[in-house]
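Chemist: Provide a 3D model corresponding to the input given below.
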Amino acid sequence: MKILFVGDVFGSAGRHIVTEHIGHVIEGHQIDLVVVNGENAAGGFGITPAISDDLFDLGAHVITTGNHFWDKRELLDYLKVPADSHDRARRILRPANFPPATAGYGTYEGTLPSGQSYAVVNLQGRVFMANNDDPFRKADEILDNIKAKVILVDFHAEATSEKVAMGWHLDGRVTAILGTHTHIPTADERVLPKGTAYQTDVGMSGPYDSVIGVETDLVLGRFLTGMPGKFEPAKGNPKMCAAVIECDGGTGRATRIQRIMLGE
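Modeler: Below you'll find the predicted structure:
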């Protein structure tokens, strides 16, 4: 079984580059399961139902998010679907360790047309981020209740140490744990000793002539003057960052992970 995970889609540039590449990547790598982090897809901050539909139309089975989950309020009503639904709205996830009353769900279990079952889990870190529930204990709780063997975890976190620690914590219990949020791809992809594919951060699918997606001059102005200002998404030099994971569908153990960065 092969899984494609696409890193944080950022703004219109990110949507453009993903549209350009995702189809031939799916075909060329014979991908079975597609997961996309879309939390920055709407102008760099949040995601809308319409943009979610666009990503699903491109082939995504599940869309994950992160700390910008709240930014487009129209999404919150859209996610009011039953827990046992398999509609598109049910397949948009927010971090599972958000407060229980938060709209949406943090995990999804589904079945591919081949009959292969799978699960996707979305978690958010706490170091240098909002103080949500402990993602380590939440992961333990979730895994106790998942039946699928193939499990992908999107860990949306700032600190590399927290991500690495989560990788070791889940080694042998999930198929892959992939980091998002920092928008910078890391060159540390590997399969851990017990069979879990790991990468600290998959990177951003968006404009790389920028400061993590934002127009360079606007960010430099804030650093040089200390004055607040409105951030605007950049558009230059878009790249799609992703990872391809190969695994055994029966055991869930990963055998290979490949880092991908594709430009125009």
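Chemist: quick one, strands of the stretch 1-150 of the chain?
Modeler: 2-6, 33-37, 62-64, 107-111, 117-124, 150-156 (DSSP state E, counting those that start in this stretch).
Chemist: Ok, which of the ones you listed comes nearest P95?
Modeler: Among those, the nearest to P95 by Cβ to Cβ is strand 117-124 (3.6 Å). For every residue, glycine as well, the C-beta is placed using N, CA and C.
Chemist: Give me the angle between the closest one and strand 33-37.
Modeler: Relative orientation of strand 117-124 versus strand 33-37 (axes from the mean of the first three to the mean of the last three Cα atoms, to 10 degrees): 10 degrees.
Chemist: For strand 117-124, which strands pair with it and how are they oriented?
Modeler: Next to strand 117-124 in the sheet, as set by DSSP bridges, lie strand 107-111 (antiparallel), strand 150-156 (parallel).
Chemist: could you dump the strands of the stretch 1-150 of the chain to JSON lines with distance to L76?
Modeler: Formatted as JSON lines, the strands of the stretch 1-150 of the chain follow (distance: least, Cβ to Cβ, whole Å):
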{"stretch": "strand 2-6", "distance to L76": "23"}
{"stretch": "strand 33-37", "distance to L76": "18"}
{"stretch": "strand 62-64", "distance to L76": "15"}
{"stretch": "strand 107-111", "distance to L76": "17"}
{"stretch": "strand 117-124", "distance to L76": "16"}
{"stretch": "strand 150-156", "distance to L76": "18"}
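Chemist: which non-adjacent residue is nearest Q258?
Modeler: Excluding the flanking residues, the one nearest Q258 by Cβ to Cβ, 6 or more residues apart in numbering is V244, at 4.6 Å.
Chemist: who's in contact with V34?
Modeler: The neighbours of V34, taking Cβ atoms under 8 Å, 6 or more residues apart in numbering as the test, are 3-4, 6, 22, 26, 59-62.
Chemist: out of those, who has the most neighbours?
Modeler: Highest neighbour count within those: V6, with 30 neighbours (other Cβ atoms under 10 Å).
Chemist: Kindly state the beta-bridge partners for that one.
Modeler: Beta-bridge partners of V6, as defined by DSSP bridges: V36, A242.
Chemist: What's the per-residue pLDDT of it here?
Modeler: Note on V6: pLDDT of 98.
Chemist: how near is it to I245?
Modeler: Noted for V6: a distance of 12 Å to I245, by Cβ to Cβ, to the nearest Å.
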